[in-house]
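*Asks:* A structural model of the following input is requested.
(chains A, B and C)
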Amino acid sequence: MQRRFRLRDSRDFARMRREGRTLARGGLLLSILPNGLDHNRYGFVTGKALGKAVVRNRVRRLLREAMRQLHPQLQTGLDIVLVARQSLVGKPFSTVRRLLEDLCDQAQIRQEVKGADEG
RNA sequence: CAGGUUGGCCGGAUGGUCGCUCUCCUGCUGCGGCAGGGGGGAGGAAAGUCCGCUCUCCACAGGGCGCGGUGCUGGCUAACAGCCAGGCGGGGAAACCCGACGGCAGAGUGCCACAGAGAAGUGUAUUGCCCCGCGCGAGCGGGGUGAGGGUGAAACGGUGGUGUAAGAGACCACCGGCGCGGCCAGCGAUGGUCGCGGCCAGGCAAACCCCACCGGGAGCAAGGUCAAGCAGGCGCAUUGGGGCGGCCCGUCCCGCAAAAAGCGCCGGGUAGACUGCUAGAGCUUCCGAGUAAUCGGAAGUCGAGAUAGAUGACCGUCCUCGACAGAAAGCGGCUUAUAAGGCCGACCUGGAUA
RNA sequence: GCCGCAGUAGCUCAAUCGGCAGAGCGAUACUCUUGUAAAGUAUAGGUUAUGGGUUCAAUUCCCAUCUGCGGCU
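*Replies:* Now for the predicted structure:
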């Protein structure tokens, strides 16, 4: 996940909390808000309630990898924030990936990809 | 061979594809970057933040009081509450392990609940022992005494004798303990030995305190440069305001009456970029000094630098099947957490054999 | 990352200079009532966060650990 695709400004996070659309499933929160740019920006929130630094790093890396694989299929011009909850700790990558796909389908931000029949 | 003590090392290995971050080279560029290739990319504890420093700012970091820390001795170190060596005390048959280990006898103050006669003062007397007086007698009154019983976590030396009405360091011998002095060994803590003394002195300083030594405060979110942005107000001449963050002295800065500037307080604005930022008390090997910690020298070597915060995903192979755990300025320690096990030493005890 | 504070009964808090850990609310049982509430009486409830140390004796003093909370850009 390159730096220009990261969501970094705390005011953007605050705007997301106020105006964003939020979906939740299985210990994962997905918030979406249009950003007016020609690309997407992503933010990952892994708070201290998840555990120690190793646990938080692990969760964030899984989320980032899952989002990286899903990125070409998504609509552009969105700010997307993923918030991890306690129940996500210890889940394998396949579970996290499937959870994220389901959330994106529920939010209807996945573009129609021909020839891709996953899930 | 069996049992035990102790020190150190290892903290999964390897290959492919797709990604992340830093850096170098080449090319392109609309100077924001992009493409290709090469290289580096978490730990022994990175952790807790318990100590010590480097560094940065507070003008310099000065004296006294206060406050805090350390506490056997010598050494090592940039420094330490760390390490090494030694002493003393305790545990163990031994190897060895543990110890905040200055001073209640250098002075003063305080506390020692309950129980007990008495908890530290030249103090006390329930039972007991002894003497005197009274009474036919059981006993009662007065006095002496502190050994025994009893209480307690702790009770004012122990044994034997002299002495006495009964006794008691009241006196004597030995022992234990304490203090002083001499000599010997040691840099020293201390140990050994000889003599003298008073008869014996309770415990607690992780109780106040005393003594010796050390410590100015804050912390990389320190600090510096640039950009963007906002709104100003109040105080500052006589023994004024402030640095000084506990106080005082001393010292320094500003002001000393036009304005400006400066300093301080309150309020408002910003949360971006660069820097600090990683070559250092560095690491490896060898040689030398030292019992050791460590130090000196030579040669070689460069091993993270993010900033919503880089190590991940998938597929294989092998093994003894993988724990605790993730850098945020950098070091030296301490403490705590740690799977399956493996490897290399040193030493003690017992047995067997030579 | 750095700095600081706290932990006692189910909850909110006490406990002098170290000397048998208490109060209010709550809980349980009983009385009162036709019944409930209120009121009254009684009872239980604690490894003082955890583990060591000093002391005759520790909630208190010291050290380490765990948990929670706050501040600094």
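*Asks:* Just give me the neighbour total for residue A:83.
*Replies:* 19 (other CB atoms under 10 Å). Yep, even glycine has a C-beta here, placed from its N, CA and C like the rest.
*Asks:* Does it belong to a helix, a strand or coil?
*Replies:* strand (DSSP: H, G, I helix; E, B strand; the rest coil).
*Asks:* again with residue A:68
*Replies:* Going by three-state DSSP: residue A:68 is helix.
*Asks:* What mean pLDDT does the helix or strand that residue A:99 is a member of get?
*Replies:* If you go by DSSP states H and E, residue A:99 is part of helix A:93-107. Averaging pLDDT along helix A:93-107 yields 92.
*Asks:* Report whether it contacts RNA strand B.
*Replies:* Yes - for helix A:93-107 and RNA strand B, the contact criterion (CB under 7 Å from any atom of the strand) is met by A:93, A:94.
*Asks:* Alpha carbons only: can I get that helix in PDB?
*Replies:* This file holds the C-alpha atoms of helix A:93-107, laid out as PDB (Å, rounded to 0.1, in the frame of the first residue of the first chain):
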ATOM      1  CA  PHE A  93      -5.800 -14.300   6.500                       C
ATOM      2  CA  SER A  94      -8.400 -16.200   4.500                       C
ATOM      3  CA  THR A  95     -11.100 -15.300   7.000                       C
ATOM      4  CA  VAL A  96     -10.100 -11.600   7.100                       C
ATOM      5  CA  ARG A  97     -10.100 -11.500   3.300                       C
ATOM      6  CA  ARG A  98     -13.500 -13.100   2.900                       C
ATOM      7  CA  LEU A  99     -14.900 -10.700   5.600                       C
ATOM      8  CA  LEU A 100     -13.600  -7.700   3.700                       C
ATOM      9  CA  GLU A 101     -15.100  -9.000   0.400                       C
ATOM     10  CA  ASP A 102     -18.500  -9.500   2.000                       C
ATOM     11  CA  LEU A 103     -18.400  -6.000   3.400                       C
ATOM     12  CA  CYS A 104     -17.400  -4.400   0.100                       C
ATOM     13  CA  ASP A 105     -20.200  -6.300  -1.600                       C
ATOM     14  CA  GLN A 106     -22.700  -5.100   1.000                       C
ATOM     15  CA  ALA A 107     -21.500  -1.600   0.500                       C
END
